[in-house]
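S.K.: A predicted structure for the sequence below; I have some questions about it.
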Amino acid sequence: AVVSTQSTGTPGVEEILLNDVKKAFRNRKQEFLKRWSGEARLQETTIIDAFSRGMMEVLISDVMTSPEFPDIVAYQLPGENSTLEVMKVAPDGGKEEFKRQEGEKRVRELFDAIGFTHIVRLIRKMRIPIIGHNVLMDLLYLYHKFYKPLPECYEEF
């Protein structure tokens with residue numbers, strides 16, 4: 001069975017093939033979320049096992065885009081393949097605030113992952129003089145490890 005297409009006509013998460021068992025599973029989880037949302041307190045969370053990564057992504061999309069869920073957000077738990085956490089947020093802007101905070105968190109994670117490379121690029125961009133003893137060898141090592149491999153000859157450098 002094919003789940004209905006979006007009103008824009010563009011295919012999305014909702015236009016995937018779901019067999020009857022998966023459709024029933026999705027409907028049960030949506031009904032659970034509606035009941036839970038009505039009973040939950042602000043910032044309260046619940047864990048849902050979606051049993052597959054694909055179904056987890058469908059459920060997250062349902063929660064984050066459907067007008068049926070204006071006061072809850074869903075996200076994948078770190079290190080989990082099919083488990084999502086759902087949190088009750090304020091119905092007036094809570095979802096947008098959550099998306100903004102998640103965006104900032106991803107930027108911080110990106111800078112953490114980039115780490116020292118970011119510092120080297122900033123030093124290069126700002127043209128800050130570096131003073132040290134025999135620092136050329138250290139700089140060449142940093143260049144090689146964090147930027148790109150050193151060329152074979154000086155002329156290429």
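M.R.: Noted; the coordinates are in hand.

S.K.: So which residues of the chain form helices?
M.R.: Using DSSP state H, the helices assigned to the chain run over residues 20-39, 53-65, 94-114, 116-126, 135-142.

S.K.: Which other helices and strands does the first one contact?
M.R.: Using 3 or more C-beta pairs under 8 Å, 6 or more residues apart in numbering; DSSP states H and E as the contact definition, the elements that helix 20-39 packs against are strand 45-49, helix 53-65, strand 72-76, strand 83-88. All C-beta atoms are positioned from the backbone trio N, CA, C, and that covers glycine.

S.K.: Pipe these into TSV and attach mean pLDDT, distance to Glu152 and mean neighbour count per row.
M.R.: Formatted as TSV, these follow (pLDDT from 0 to 100; distance: least, C-beta to C-beta, whole Å; neighbours: other C-beta atoms under 10 Å):
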stretch	mean pLDDT	distance to Glu152	mean neighbour count
strand 45-49	93	54	14
helix 53-65	90	44	18
strand 72-76	92	45	20
strand 83-88	93	49	19
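
S.K.: nearest to Glu109, of the ones you listed?
M.R.: Proximity to Glu109 (C-beta to C-beta) singles out strand 72-76 among these, at 13.4 Å.

S.K.: So what's the gap between that closest one and the chain middle?
M.R.: 11 Å (C-alpha atoms, centre = their mean, to the nearest Å).

S.K.: What of stretch 131-145?
M.R.: Distance, centroid of stretch 131-145 to centroid of chain: 36 Å (C-alpha atoms, centre = their mean).

S.K.: End to end on that stretch, go ahead and measure it.
M.R.: Criterion C-alpha to C-alpha, to the nearest Å; first-to-last residue distance in stretch 131-145 is 20 Å.

S.K.: quick one: average confidence on that stretch?
M.R.: Rounded to a whole number, the mean pLDDT of stretch 131-145 is 85.
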